[in-house]
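> Sharing a model prediction with you, sequence too.
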There are 2 protein chains.
Amino acid sequence: MSSTAVAPPACLRRPLVVPRRFMFGPGPSNVPPRILEAGANPILGHMHPEIFEIMSDIKSGIQYLFQTKNSMTLALTGTGHTAMECAIFNAVEAGESVLTAVNGIWGERAADMAERIGARVNTIVAPPGGCFSLEEIEKALSKHRPVLFFLTHGESSTGVLHPLDGIGDLCHKYNCLFLVDSVASMGGAPLCMDKQGIDILYTGSQKVLNAPPGTAPISFSDRACQKIFNRKTKPVSFFLDLSWLANYWGCDGKPSRVYHHTGPISAFYSLRESLCILAEEVGDHNWSFVLARLPTVTTIVAPPGYDWKEITAYIMKTYNLEISGGLGPSVGLVLRVGLMGCNSSKANVDMVLTALKNALKHCHKSRV
Amino acid sequence: MSSTAVAPPACLRRPLVVPRRFMFGPGPSNVPPRILEAGANPILGHMHPEIFEIMSDIKSGIQYLFQTKNSMTLALTGTGHTAMECAIFNAVEAGESVLTAVNGIWGERAADMAERIGARVNTIVAPPGGCFSLEEIEKALSKHRPVLFFLTHGESSTGVLHPLDGIGDLCHKYNCLFLVDSVASMGGAPLCMDKQGIDILYTGSQKVLNAPPGTAPISFSDRACQKIFNRKTKPVSFFLDLSWLANYWGCDGKPSRVYHHTGPISAFYSLRESLCILAEEVGDHNWSFVLARLPTVTTIVAPPGYDWKEITAYIMKTYNLEISGGLGPSVGLVLRVGLMGCNSSKANVDMVLTALKNALKHCHKSRV
């Protein structure tokens, strides 16, 4: 440049070096070579027919993953938080009542998002690790008459898998939409969107799906669309406006698509590949067992007397293996081990157990 | 699943097939193998020290690209539209006055975004292809007293490169922040953020940088930060809240980083690689020439009597080469040829000219 006030940075002369790690925290999980390779395919245009076909395949894969026939099913450009905002931004107008179930960090964040757009937010609160009974939920629905009820299926900060049966019916009795965050649970614990009466459901690409972070599958029931497409005001976000997204994803039945934003083409390739693997492998799984804990992320009480940070650092240094500490209400209280998708094998469980055993031997037990 | 209401979709049994194309439209551009390979590296955690170092390298690369010393410099998870919303969401509070310059599609979209969050929006409008004089801009600043003035540097829908000199000073005279969209121009036309008094500047990864779409470099001046961090209300978006983003990107000087969202790790790898190439290659470029047209995207008047769609379809079919039609105000009026980053070579210009010449020979001239 003619007056280069800022010179080319020396740090960019170093080549990119990425170590290999066992990603056994709460996510992102390891991405198998097959998915990484898919993501390295050449770029196509965001409006090319081949991309529309890939988006259509992704839509079918999400419908299978979510067990839904909703035509309003797509993948957002962004992460689980993008999907959380997309759901709230579209389903709620300023001044409307929203109810969120807070038993960890995600309910708090959903409440924060709804407050930012001017909703009247009420919460039901359980201690970290706790769940909500149908009675508690009905009482709050009856009292606050929300248009939207938010619940986290897999609370990855506390390791709780929340039961879902019956809640959708309760919500609909009170003319409320049922919004479920399944970022940490989807594909690793039973969930059937249509059967369980869920109106808006989303997840992330980087957990059980084993794809890189950057896309977020989401689906809307007809009931949700009915409310969303009869809003009096525009959603605060153009980028997340469902009427635009629905058109870009070919979900609105219109004959042609209008340019909205440039989809993350490489991430579409890898997300499609992860859904291919899911369709091949999970086809005959049987979920007929009862769970109370989140199978994808296991919380382990931090061993008394040890500094948890020393344990996770020792395991990272010695085994190139990530397990993580707590998050939100569980900071300092737990270790979190995530085994998702391709990572959930007996060999990996054994590896984590060996690592933990040796960490207890080698780390200082300074505080008693 | 125990009751598989939705069966694994047959379309996901087909392997992913991605054709190779010459991406000579207004973007995304072709991504060189080196950048694609960087993106295929194994995943690391979004809070691993190696990722923080990669993010720091990206920050330095953007400072060089933008010619800025702003410490509040980072890459958003999303596209140019995400950056447009991030700028407006953070810099503007409901009820405040915003001025946007509309001479194509981007000013219209910025106005729409500002209206959605309750700003009082005024526009200055030039015919598609037109520019704004300093006098016009000052008159509007003086009349509407906006807190933010939006201008597009490279109007890719009309092929205009808007002059920037002097506008920053004018804005500051009226205590207004100067926001510039350089998605289509950055790296392909001279722009010096600090010298030109730009307060918020953003671009996309998929244009001149030749990285896949999905990240958006953005930078904020101290003046912009001063306003943003003294807001009375929270921005409508948690995901795009600059106080959270600043911490995740290590721009706020705090000793530790709090989990905000999961960064798009693979896209960070490829963005870093694209900035490496930029630092290697553009280091001694000389911008000392005057431009009135956008050098990255050339608009060509659609030849009278031809159906432009037939021309672009013929070229795609015959040469596997994308050039595109108009956008927004230029739909039906122009063809758009984008040659960005690795694509801007004499050989590629010749290829496009040959393709256009043969298209004129082979396509029907039905309407006269």
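Nice, I can see it.

> for chain A, what spans make up the helices?
In chain A, the segments counted as helices under DSSP state H are A:33-39, A:49-66, A:80-91, A:105-116, A:134-144, A:167-173, A:222-228, A:242-248, A:265-281, A:308-319, A:346-362.

> Residues touching the fourth one, excluding its own?
It stands for helix A:105-116. Helix A:105-116 is contacted by residues A:81, A:84-85, A:88, A:92, A:98, A:100-102, A:121, A:123, A:148, A:150-152, A:155-157, A:179, A:181, A:183, A:327-329, B:234-238 when judged by CB atoms under 8 Å, 6 or more residues apart in numbering or on different chains. For every residue, glycine as well, the C-beta is placed using N, CA and C.

> Now do the same for stretch A:210-221: mean pLDDT, whole number.
Mean pLDDT, taken over the full extent of stretch A:210-221, equals 98.

> List the buried residues in that stretch.
Of the residues in stretch A:210-221, those buried under the neighbour-count criterion (16 or more other CB atoms under 10 Å in any protein chain shown) are A:210-221.

> That stretch vs chain B: in contact?
Yes: counting by CB under 8 Å from any CB of the partner chain, contacts between stretch A:210-221 and chain B involve A:212-214.

> Give me the pLDDT for the residue nearest to A:L134 when sequence neighbours are not counted.
For A:L134, ignoring the flanking residues on the chain, the nearest one in space by CB to CB, 6 or more residues apart in numbering or on different chains is A:G166 at 5.2 Å. Residue-level confidence at A:G166 comes out at 98, pLDDT.

> which residues touch A:A140?
Residues A:99, A:122, A:124 are the ones in contact with A:A140 under the rule CB under 8 Å, 6+ apart.

> Look at A:K346 and say how many residues are nearby.
Residue neighbour count, defined by other CB atoms under 10 Å in any protein chain shown, stands at 7 for A:K346.

> typed the wrong thing, it's A:K143
Using other CB under 10 Å as the criterion, the residues surrounding A:K143 number 13.

> Against B:P295, how distant is it?
In this structure, A:K143 lies at 62 Å from B:P295, with CB to CB, to the nearest Å as the measure.

> now the strands for the stretch 101-250 of chain A?
Along the stretch 101-250 of chain A, the segments classed as strands by DSSP state E, counting those that start in this stretch run A:120-125, A:148-152, A:154-155, A:160-161, A:177-181, A:200-202, A:215-220.

> Pick the most buried one from those.
Between the strands of the stretch 101-250 of chain A, strand A:154-155 has the highest mean count of neighbours, a mean of 32, where neighbours are mean count of other CB atoms under 10 Å in any protein chain shown.

> and that one, which strands flank it?
Strands adjacent to strand A:154-155 in the sheet, as given by DSSP bridges, are strand A:160-161 (antiparallel).

> got a list of contacts for the partner strand?
The contact list for strand A:160-161 (CB under 8 Å, 6+ apart) reads A:103-104, A:129-131, A:153-155, A:185, A:189, A:291-295.

> How far off centre is it?
Centroid displacement of strand A:160-161 relative to its chain, using CA atoms, centre = their mean, to the nearest Å, is 14 Å.

> what about the residue positioned nearest the centre of chain A, distance to A:I43?
With distances taken as CA atoms, centre = their mean, the residue of chain A nearest its centroid is A:V183 (2.2 Å). In this structure, A:V183 lies at 27 Å from A:I43, with CB to CB as the measure.

> before we move on, the earlier item: name only those of the contacts of strand A:160-161 that count as buried.
Going by neighbour count (16+ other CB under 10 Å), these have A:103-104, A:129, A:153-155, A:185, A:189, A:294-295 buried.

> Could you identify the pair within the buried residues of stretch A:210-221 that is furthest apart?
Between any two of the buried residues of stretch A:210-221, the greatest separation by CB to CB is 28.5 Å, found for A:P212 and A:S221.

> re earlier: out of the strands of the stretch 101-250 of chain A, nearest to A:R14?
A:R14 lies closest to strand A:215-220 among those, at 29.4 Å (CB to CB).

> So what touches the closest one?
In this structure, residues lying in contact with strand A:215-220 by CB under 8 Å, 6+ apart are A:58, A:62-63, A:65-66, A:68, A:70, A:72-80, A:82-83, A:86-87, A:90, A:186, A:193, A:199-205, A:228, A:242, A:264, A:267-268, A:271.

> Strand partners (parallel or antiparallel) of it?
Counting by DSSP bridges, the strands paired with strand A:215-220 are strand A:72-77 (antiparallel), strand A:200-202 (antiparallel).

> Tell me which residues are up against the last one.
Yep, that's strand A:200-202 we're talking about. With CB under 8 Å, 6+ apart as the contact definition, strand A:200-202 has outside contacts at A:66, A:68, A:76, A:80, A:83-84, A:86-87, A:91, A:177-183, A:191, A:193, A:216-221, A:224.

> mind checking how far the closest residue to A:G187 other than its chain neighbours is from chain B?
Taking CB to CB, 6+ apart as the measure, A:G187 lies nearest to A:V208, with 3.5 Å between them; neighbours along the chain are not counted. From A:V208 over to chain B the distance is 14 Å, taken as CB to the nearest CB, to the nearest Å.

> What about A:V208, how many residues nearby?
Applying other CB under 10 Å, we find 32 other residues in the vicinity of A:V208.

> Now do the same contact list for A:M23.
When contacts are counted by CB under 8 Å, 6+ apart, A:M23 touches A:29-30, A:322, A:338, A:343, B:43-45.

> For ChimeraX, what selects the buried ones among these?
Taking 16+ other CB under 10 Å as the burial criterion, the selection of buried members of the contacts of A:M23 in ChimeraX is written as:
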select /A:29,30,322,338,343 /B:43,44,45
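
> Can you tell me which of the contacts of A:M23 is closest to A:V258?
For A:V258, the nearest member of the contacts of A:M23 is B:I43. The distance, counting by CB to CB, is 33.8 Å.

> Enumerate every residue touching the closest one.
Residues A:23, A:28-31, A:206, A:212-213, B:265-266 are the ones in contact with B:I43 under the rule CB under 8 Å, 6+ apart.

> Quick one: name the residues of the stretch 201-350 of chain A near chain B.
Within the stretch 201-350 of chain A, the positions adjacent to chain B are A:204, A:206, A:212-214, A:234-239, A:259-267, A:269-270, A:272-273, A:275-276, A:278-280, A:282-283, A:285-288, A:322, A:324, A:327 by CB under 8 Å from any CB.
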